[in-house]
Structure formats: C-alpha cells, structure tokens
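1. return atomic coordinates for the entry below.
(one chain, ligands or ions: 2)
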Amino acid sequence: MRTIPVARSSSRSRHFLGIRGAFTIAVAISLLVAATPQTRASSPPSSDQGIAAAAAALLPRMIEIRRDLHMHPELSNREERTARVVAERLRAIQGIKVRTGVARHGVVGMLRGGKPGPVVALRADLDALPIVETNDVPYKSLNEGVKHACGHDAHTSMLIGAAEVLSGMRAELAGTVVFLFQPAEEGPPEGEPGGAPQMIEDGALSSPKVEAIFGLHVTPEFESGTVHVNSGAVMASADKFTITIKGKSAHGANPHDSVDPIVVAAACVQALQTIRSRRVNPQEGFVLSVGSVHGGSRFNIIANEVVMVGTIRTHSETTRANAVRWMREILGGVASAHGATFEMTMSESAAVTVNDPALVAATLPALKRTFGESRVLAMKPVMVAEDFSYYQREVPGVFYFLGVRDESKGFTAPLHTAAFDLDESAMVQGVRLLVTSATDYLERAAKR
Ligand SMILES: [Zn+2]
Ligand SMILES: [Zn+2]
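-> Numbers count the residues shown, from 1 in each chain. Ligands and ions are numbered 1, 2, ... in the order given. Next up, the predicted model:
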C-alpha cells in the first residue's frame, strides 16, 4: 500500500536508507540454512473444512517466516534476501515450479493442478519501508532504519502458506495457480523500473496466461480475521505533481519591480482546492494535497520562483485525467493574472485499484460460506493506493483487506508507522481467503 506517491519520471526525488552490514548478511545466511522448511499439510484439504484445517496447521510456520522477514526487512528493489527466502520455501513445496529474477527480485511460483483448467494468480509484495522500528519485540528489525511497516512480511508469509495448502490439493485442482511475489510495491528508487508494471513486463501475467488475479492487504483498521471487500474502485490512483511558479526577483522593499512567485503560489494553493469543492462530484473520492512549498532565501529578497510538490488521488480514471487538465487551467489563469508563468510535471505511482464487479459477485458466495456472513464485510474505498491496480488493468482482479487489529494485544498502530504490528493469528484467515479465491475460481471455470 502506498501512502507516498513515487514518481516514475526522472524529476522525482526520494531518498532511501540502505543499511545492510556484514553482520546482517551473516545472520541472514545462517537463518536461511537453519530455517529450511520441510513438513507439509498433513492431509489433502478437499473442502472448506480441509482448507481451514490445513491453514491453521501452518500458522506456527507462517509466524516463523513472517518474523524472519520482519527481522530482515529490505527496501524496494533491494529485496535480495527476501527473494532468496521465498524461493527456498517455494522449492521445498511439492509441485511448485519457481522462477526468480522477475522484475529484479520478484519470485513467481507455479502449481499445475492434476486436471486441466485456466490459470489464476495470487499476489503478495516483498518490500519494507525506510522507518525506524520502535516496537520492543523479539522479532524487531535488525536492519536499522528499515521496517516492515506495511505488513508485506505477513503478505509474503501467507502466500507461501497458500502455496503449501494448494500443493496439498494438487490432484483435484482443475487448472494452474501462479504465485506472484512482487518487489517494490512501495515504489522503486529514483530512476529504476520496478513493482507491478515490471512484473507484467517480465511475463508475470502472460507466461502462463493468467485469467484472473487475487491479492490482499492487512489493515489495523479492521478487527483481526475479518475480510473486507467492495465492488468497483477500492483504492485510489496516486499521482505526484511538481509545480514551478516563475516570477521575477527584486529587492523586498520594491515589490513593484517584481513578480512575486510566493504571492502567486499562495493564490494557486487556494485556487487548486476549488477542484475538490467545485469541479469534482461531491459524492466521489478526490484529494489534492500540496505537500511542500519551497521558495525564497532571505527576508528582504523577493524570490525568483517557488516549487510546490503534492499529490492527487482519485477513484476514477476519468476524474484523474480531468483533474490534471483543471489544474493546468487554474495554474495558467492564476499565474497569468499576476504576470507569472508556471510549469507542471506529473508522475504516476498507481492507477485506481478497481475490483472487477463480476468477479467479486461470483466469489462472494464462497467467501461467505467459508467465513460466515458476519466476517465478510463491505467496505468504502480508501484514498491510499496500490500497484495491484496495474494487474487489474490486464485481467479481472479482486483486492481484499484482511483485519489484523486486536486492541487486547495492542495491535492498533496504523500502517506506515514506527509502531505498526499485527495479530499474526489472522494469517490463517488470510491463507483461507487466498486459497478459497483460487479454488473457487477454478471450480467455477470447470463448470462453465
Ligand atoms: Zn505501504
Ligand atoms: Zn502495502
């Protein structure tokens, strides 16, 4: 999940902390050797109950994997160790073919079922964030300044668990399940390709040809183990804008000799907010935030230019395109009214995450049967973004939210914060959610 837009153009700026000492590497290697997975789900799960039992039995191993990843978090496009761990774990599961080096550190697993059928994909993300962990837990990050604060350690662990459960059902699977372990969901470093677009470029959906995709994100907003889904837009598009207002410098005592870009920028910030209040349908999700304003150097000098950086978020690709046009109109009008000029560059971080309505409707009965009506809940779209959206541009997809909040255990801190942690027992429900989504899809396809 992205709360910070990451530019894909060369104009962006973003800094990353990449502290990986020899000690960390040594620990990483020793853990890899020590943590070789072997045991399998004991009996083949052939029903909802079977899946539930298999997922529950895997919880200790999933906790072990999640905590290992949590202790060794890696930033976007730097998930070397994480990818190694994932590949090792997948190779130990019967019937999984493993491809590494996809979109740099991405790993793709493939499980061909015993019967013919379509290909369905399940996706997890691998990267962590440049955040110092403040939680005093036995599995605290050993990579100082880097933390799994978005729950991608749990996503990865759950997808390995799902692969294990599905492997136990292999003979009866009518089709193929592809497991996408994607790097750089939070956005690749400046100048580097990465994330979902690069996974797609590297054949994640085409080799073999994927027909539908499912993914999930943990959230401390919802009670542990509950499943939340909606139909249509569920997460926002995220674009970063950089606006330069160009004026004319002068002595601070002589404003009549200047075109003061700070006055123009102030007027622009105000005017841009009318997009939300007067252009976009009030019932539609939309955000325009100016996150930084920089200009000027001294109290008695009128600046030459002001640079403003911010983000727009929408739940509709039409509104997204319109908003950029409206911004240019407003900036042009306000700047010229003051005798100034402007430049604006946009860079994209994510498209709108849109859950395919037909796929949601078709999958819901299986989810309600599995979890019970009261544990599968509708949700309102949120303004944060996900690059899962790029897969959904290619094939129908559903992105779920899985509650990991437990106040009694102290798991309430928001995602992307130093104190974030999650109720690990929810991973059982996460595995059931992923496995059920895949098996239900293949079973329905077999009846078509
Ligand atoms: Zn995130
Ligand atoms: Zn995330």
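2. where do the helices sit along this protein?
-> Using DSSP state H, the helices found in the chain span residues 22-34, 48-57, 59-71, 80-91, 152-168, 196-201, 261-274, 317-337, 357-371, 388-394, 426-447.
3. the second one: which residues count as buried?
-> Along helix 48-57, these residues count as buried under the neighbour rule (16 or more other CB atoms under 10 Å): 48, 50, 51, 52, 53, 54, 55, 57. Bear in mind the C-beta positions are built from the backbone N, C-alpha and C, glycine included.
4. ligand 2: which of those residues is nearest?
-> Nearest to ligand 2 out of those is residue 55 (CB to the ion; 21.6 Å).
5. burial of residue 351, as a residue count?
-> When neighbours are defined as other CB atoms under 10 Å, residue 351 has 24 of them.
6. ok, for it, nearest residue in space, not its chain neighbours?
-> Once flanking residues are discounted, residue 351 sits nearest to residue 389: 4.0 Å by CB to CB, 6 or more residues apart in numbering.
7. picking up where we left off before, which one of the buried residues of helix 48-57 sits closest to ligand 1?
-> Closest to ligand 1, out of all of the buried residues of helix 48-57 and judged by CB to the ion, is residue 55, at 24.5 Å.
8. mind checking how far the residue nearest to that closest one when sequence neighbours are not counted is from residue 158?
-> In space, and not counting its chain neighbours, residue 55 is closest to residue 431: 4.0 Å by CB to CB, 6+ apart. Note on residue 431: its distance to residue 158, by CB to CB, to the nearest Å, is 5 Å.
9. joint contacts of these two?
-> residue 62 (CB atoms under 8 Å, 6 or more residues apart in numbering).
10. include distance to ligand 1 and mean pLDDT when you put the helices of the chain into TSV, please.
-> Below are the helices of the chain laid out as TSV (distance: least, CB to the ion, whole Å; pLDDT from 0 to 100):
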stretch	distance to ligand 1	mean pLDDT
helix 22-34	22	36
helix 48-57	25	96
helix 59-71	15	98
helix 80-91	15	98
helix 152-168	7	98
helix 196-201	13	98
helix 261-274	26	98
helix 317-337	20	98
helix 357-371	23	97
helix 388-394	12	98
helix 426-447	16	97
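11. got the contact list for residue 150?
-> 1, 125, 128, 129, 185, 186, 415, 416, 420.
12. one more: residue 207?
-> Contacts of residue 207 (CB under 8 Å, 6+ apart): none.
13. ramachandran angles for it?
-> Torsion angles at residue 207 (phi, psi; degrees, to the nearest 10) stand at phi -140, psi 90.
14. on that earlier part again, what number of residues lie near the residue nearest to residue 351?
-> Residue 389 has 24 nearby residues by other CB under 10 Å.
15. surely it touches residue 348?
-> No: assessed by CB atoms under 8 Å, residue 389 is found out of contact with residue 348, at 10.3 Å.
16. now do the shared contacts for the two.
-> Counting by CB under 8 Å, 6+ apart, the shared contacts of residue 389 and residue 348 are residue 237.
17. okay, now the closest residue to ligand 1 within the stretch 251-400 of the chain: neighbour count?
-> Here the stretch 251-400 of the chain gets closest to ligand 1 at one residue, residue 384, 7.6 Å apart by CB to the ion. Using other CB under 10 Å, residue 384 has 20 neighbouring residues.
18. how near is it to residue 228?
-> 14 Å.
19. so of the helices of the chain, which one's packed in deepest?
-> Of all the helices of the chain, helix 152-168 carries the top mean neighbour count, a mean of 28, counting by mean count of other CB atoms under 10 Å.
20. send me that helix as PDB with only the CA atoms.
-> Listed next in PDB are the C-alpha coordinates belonging to helix 152-168 (Å, rounded to 0.1, in the frame of the first residue of the first chain):
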ATOM      1  CA  HIS A 152       4.300  -7.200   3.400                       C
ATOM      2  CA  ASP A 153       6.100  -9.700   5.600                       C
ATOM      3  CA  ALA A 154       2.800 -11.200   6.500                       C
ATOM      4  CA  HIS A 155       1.600 -11.000   2.900                       C
ATOM      5  CA  THR A 156       4.600 -13.000   1.800                       C
ATOM      6  CA  SER A 157       4.200 -15.500   4.600                       C
ATOM      7  CA  MET A 158       0.500 -16.000   3.800                       C
ATOM      8  CA  LEU A 159       1.200 -16.500   0.100                       C
ATOM      9  CA  ILE A 160       3.800 -19.200   0.900                       C
ATOM     10  CA  GLY A 161       1.200 -20.800   3.200                       C
ATOM     11  CA  ALA A 162      -1.400 -20.700   0.400                       C
ATOM     12  CA  ALA A 163       1.100 -22.400  -1.900                       C
ATOM     13  CA  GLU A 164       1.600 -25.100   0.700                       C
ATOM     14  CA  VAL A 165      -2.200 -25.700   1.100                       C
ATOM     15  CA  LEU A 166      -2.800 -25.700  -2.600                       C
ATOM     16  CA  SER A 167       0.000 -28.100  -3.200                       C
ATOM     17  CA  GLY A 168      -1.800 -30.500  -0.900                       C
END
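21. residues in contact with whichever residue of the stretch 251-400 of the chain sits closest to ligand 2?
-> Residue of the stretch 251-400 of the chain nearest ligand 2, by CB to the ion: residue 386 (7.0 Å). Residue 386 is in contact with 1, 2, 185, 217, 235, 350, 353, 399, counting by CB under 8 Å, 6+ apart.
22. might one say that residue 195 is in contact with residue 180?
-> No: counting by CB under 8 Å, residue 195 stays clear of residue 180, with 11.5 Å between them.
23. between the contacts of residue 150, which is closest to residue 448?
-> Closest to residue 448 out of the contacts of residue 150 is residue 125 (30.8 Å), distances taken as CB to CB.
24. contact residues of the stretch 51-200 of the chain facing ligand 2?
-> Within the stretch 51-200 of the chain, the positions adjacent to ligand 2 are residue 150 by CB under 5 Å from the ion.
25. now do residue 282: how many residues are near it, please.
-> Taking other CB under 10 Å as the criterion, the count of residues near residue 282 is 8.
26. make 4 the first number, not 1, from now on.
-> Taking 4 as the first residue, the last one we looked at is residue 285.
27. tell me which residues form a beta bridge with the closest residue to ligand 2 within the stretch 204-353 of the chain?
-> Proximity of the stretch 204-353 of the chain to ligand 2 (CB to the ion) peaks at residue 220, 5.6 Å away. Listed beta-bridge partners, residue 220: residue 404 (assigned using DSSP bridges).
28. burial measure for it, as a count.
-> Neighbour tally, residue 220, other CB under 10 Å: 28.
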